[in-house]
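K.L.:
sequence and computational prediction follow.
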Amino acid sequence: MSYLKRIWEDIRRGENIDLFITVLIAIGLAILNIAGVAPATLIAPLTLAVLGLLAVATLGNRYKLEESLDTLNRTHTGLFQEKMPAEMDNDLRHARELWLVGITLNRTINTYYSALEQKLARGDTVRVLLVDPDGHGPEMLERREYKARYNVERIRYFIRDSLDDLCGLQQRFGGLEVRVIDYPLGYGGVLINPNGSNGRFYLEHYPFKTPGGSLPKFVLEAGDGRWYTFFKLEIETIWDNAAPWTCKS
């Protein structure tokens with residue numbers, strides 16, 4: 001019964017129709033031949049036609065299988081990368097809602113400072129989440145660093161430097177929220193339109209005492225469903241548990 005049910009489901013979805021028709025023709029031809037009512041002149045042509053249909057159906061299924069394997073292979077090998085895709089730059093500049101998450105974000109803010117100015121001037125929304133420079137987070141981050149490249153004071157310095165730049169933007173524009181959390185973030189990223197159907201997350205993992213820098217890097221899109229929602233929820237939870245940064249007057 002389960003086999004017949006599966007056949008019925010395939011027919012309802014319009015799948016493998018050519019194969020089912022071929023099987024019916026072959027069975028009908030066999031019955032007519034056994035009954036002796038099938039014209040002998042039609043047996044050979046009909047047999048060849050059935051074989052041709054089977055060959056076409058087999059090729060079709062083979063192509064579908066190859067496409068599925070290619071898609072699976074791209075998904076498996078293409079998710080984790082050593083560099084962010086080139087389109088991240090354009091996405092960041094054109095996003096109407098932008099979230100930046102990281103330990104210091106010193107390089108990101110220096111690189112995109114003018115872009116942030118332009119975005120805030122045109123009314124875009126920007127959220128920035130950093131590690132609290134005055135908490136215990138920097139101390140834990142030092143323990144995580146490979147060969148202790150950055151000591152606690154240096155980490156605190158870079159965070160404060162980023163916060164000073166962000167405070168300068170806050171004084172000139174609206175639409176910028178800055179929060180800090182006393183926790184050694186496990187990953188950072190650039191979140192493009194996180195609440196939109198075209199949302200995209202550019203994320204990078206912060207490894208423990210492992211050479212190579214912030215690896216791997218990967219991209220999630222709103223269409224990815226579960227994992228996009230998972231990371232969005234976690235980042236929102238971190239944000240809700242972070243404290244607004246108070247700029248010095």
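P.N.:
Good, I have the coordinates. Numbers count the residues shown, from 1 in each chain.

K.L.:
who does the most centrally placed residue in the chain bridge with?
P.N.:
Most central in the chain under C-alpha atoms, centre = their mean is Leu220, positioned 1.4 Å from the mean C-alpha point. Beta-bridge pairing for Leu220 (DSSP bridges): Phe201.

K.L.:
right, and it touches Ile235 too?
P.N.:
No. With contact defined as C-beta atoms under 8 Å, Leu220 does not count as touching Ile235 (11.2 Å). For glycine as for every other residue, the C-beta is placed from the backbone atoms N, C-alpha and C.

K.L.:
picking that back up, how much space is there between the residue nearest to the centre of the chain and Trp227?
P.N.:
From Leu220 across to Trp227, the span is 6 Å (C-beta to C-beta, to the nearest Å).

K.L.:
need phi/psi at the closest residue to His205 other than its chain neighbours.
P.N.:
In this structure, His205 finds its nearest non-sequential neighbour in Tyr187, 5.1 Å apart by C-beta to C-beta, 6 or more residues apart in numbering. Dihedral angles of Tyr187 (phi, psi; degrees, to the nearest 10) stand at phi -160, psi 160.

K.L.:
report pLDDT for Tyr187.
P.N.:
On pLDDT, Tyr187 comes in at 97.

K.L.:
go on, Gly137?
P.N.:
Gly137 is assigned a pLDDT of 93 by the prediction.

K.L.:
pull the contacting residues for it.
P.N.:
Residues near Gly137 by C-beta atoms under 8 Å, 6 or more residues apart in numbering: Val131, Ile181, Asp182, Tyr183, Pro184, Leu185.

K.L.:
same question for Tyr112.
P.N.:
Counting by C-beta under 8 Å, 6+ apart, Tyr112 has contacts Leu92, Arg93.

K.L.:
quick one on the thing from earlier: ok, the residue nearest to the centre of the chain to Ile31 distance?
P.N.:
From Leu220 over to Ile31 the distance is 56 Å, taken as C-beta to C-beta.

K.L.:
how about Asp182?
P.N.:
As defined by C-beta to C-beta, Asp182 lies at a distance of 79 Å from Ile31.

K.L.:
got it, and Asp91?
P.N.:
The value you get for Asp91 to Ile31, if C-beta to C-beta is used, is 63 Å.

K.L.:
and those two? which has more neighbours close in?
P.N.:
Taking neighbours as other C-beta atoms under 10 Å, Asp91 and Ile31 compare with Asp91 leading, 18 against 11.

K.L.:
phi, psi of that one?
P.N.:
phi -60, psi -40.

K.L.:
got the domain ranges for the protein?
P.N.:
2-78, 87-244 (automatic domain parsing).

K.L.:
point out the most buried one among those.
P.N.:
domain 87-244 (a mean of 17; mean count of other C-beta atoms under 10 Å).

K.L.:
from the opening residue of that domain to its closing one, how far?
P.N.:
Length of domain 87-244, first residue to last, C-alpha to C-alpha, to the nearest Å: 31 Å.

K.L.:
quick one on the thing from earlier: mind telling me which of the domains of the chain the model trusts least?
P.N.:
Here the lowest mean pLDDT among these goes to domain 2-78, at a mean of 66.
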